[in-house]
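**Q** With the input below, show me the fold.
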Amino acid sequence: MTTLLIFTDLDGTLLDHHTYSFKPALAALQSLKTFSIPCVINTSKTFVELVSLRQELNHQDAFIVENGSAVYIPKNLALSIDETLEDCGEYWRKSFGPRRDELIELTNDKQEQYTFRRFSEMTWQELVSITGLSEENAKQAMQREFTEPMVWTDSNLALNALRDDLAPFGVQIQKGGRFAHLMGEHCDKANAMLWLKELYEQQSDEDVTTMALGDGENDIGMLSKADIPVVIRSPVHAPPEIPNRCDAWLSDAYGPEGWAQAINKVLIQQGIL
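**A** Residues are numbered from 1 along each chain as shown. This next block holds a predicted model:
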């Protein structure tokens, strides 16, 4: 027997790219709850953003924020954890990288060489105009702990040059759907997923099979390390290539509709549905 463990991106995957709706995925989400299959959110969003969104989704499982920078585990999950984690009220937190203020300080003098604008320099109104988020959601998105997103308006060549500049400081840049994210070198959706997978394996006598669903460049690491990688079609960009994974699924439908199709497919394959 194997235990199924789901990891999912949000924007453009479980949430519609344009409307942020998850309605087409509700029945599939309910199926996961019915069969006690953990569904771990693995997103570039912040902890503050996820507090309200998890309530809307009735999400009870662990979640990973800011592109793999930290894992939050609800204390009521009663997972036994060997290492010492940070106590964050209702959650235990495992963080993988430096704090946001260090990232801001490191890039303060880089704007003379490159053309970009960081979240810390924007108003919430500017963020609303870029993303279409509501005022409340934009303000939540700006409350970051471990990453600093940038609107990158320079070339890809320049982006790679900045990557090289920051690498000696243990900082990387990951490109998402709308933003380039400054973050610690060990902050990665894949690292956080594998850490959590190991935690679940310690609780169970069964093998853990991971299924990961994502639509963007910043999901490639997570998808490449999952047992079942699922690329969700996007209405705005081509599907990312998953290196060395000719077994990756590509959804027929976009966003949450494609997400639901993939979840139902795996439940049938595993003999659960």
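
**Q** just the helices in the stretch 101-250 of the chain please.
**A** With DSSP state H, counting those that start in this stretch as the criterion, the stretch 101-250 of the chain has helices at 124-131, 135-141, 156-166, 189-203, 220-225.

**Q** give the contact list for A141.
**A** 45-46, 49, 119, 127, 131, 133 (C-beta atoms under 8 Å, 6 or more residues apart in numbering). (C-beta placed from N, C-alpha, C; glycine too.)

**Q** Could you give me the PyMOL syntax to select whichever of the residues you listed are buried?
**A** In PyMOL, a selection of the buried entries from those looks like this (16 or more other C-beta atoms under 10 Å):
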select buried, resi 45+46+49+119+127+131+133
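
**Q** Of the contacts of A141, which is the nearest to D87?
**A** T46 (19.1 Å; C-beta to C-beta).

**Q** Just to check, that closest one is in contact with F146?
**A** No - here T46 does not reach F146: they are 9.1 Å apart, not a contact under C-beta atoms under 8 Å.

**Q** Quick one: neighbours of N58, just the number.
**A** 10 (other C-beta atoms under 10 Å).

**Q** ok, now which ones touch it?
**A** So N58 contacts 29, 33 (C-beta under 8 Å, 6+ apart).

**Q** tell me the pLDDT at it?
**A** With respect to pLDDT, N58 scores 94.

**Q** cool, and Q174?
**A** 85.

**Q** and the residue nearest the centre of the chain, how far is that from D16?
**A** Note on the chain: the residue nearest the mean C-alpha position is T43, at 2.0 Å, using C-alpha atoms, centre = their mean. According to C-beta to C-beta, to the nearest Å, T43 stands 15 Å off from D16.

**Q** likewise T131?
**A** 13 Å.

**Q** Ok, F116 next?
**A** Separation of F116 from D16 (C-beta to C-beta): 28 Å.

**Q** Ok, I228 next?
**A** Note on I228: its distance to D16, by C-beta to C-beta, is 23 Å.

**Q** and if you look at L85?
**A** Where D16 is concerned, L85 sits at a distance of 33 Å (C-beta to C-beta).

**Q** Looking at those two, which is more packed in?
**A** Between L85 and D16, counted using other C-beta under 10 Å, D16 has the larger neighbour count: 20 against 15.

**Q** quick one, what contacts that one?
**A** Neighbour list for D16: 22, 24, 254-256 [criterion: C-beta under 8 Å, 6+ apart].

**Q** Kindly report the same for A27.
**A** A260.

**Q** again, but for Y20
**A** Shown in contact with Y20 (C-beta under 8 Å, 6+ apart): 11, 133.
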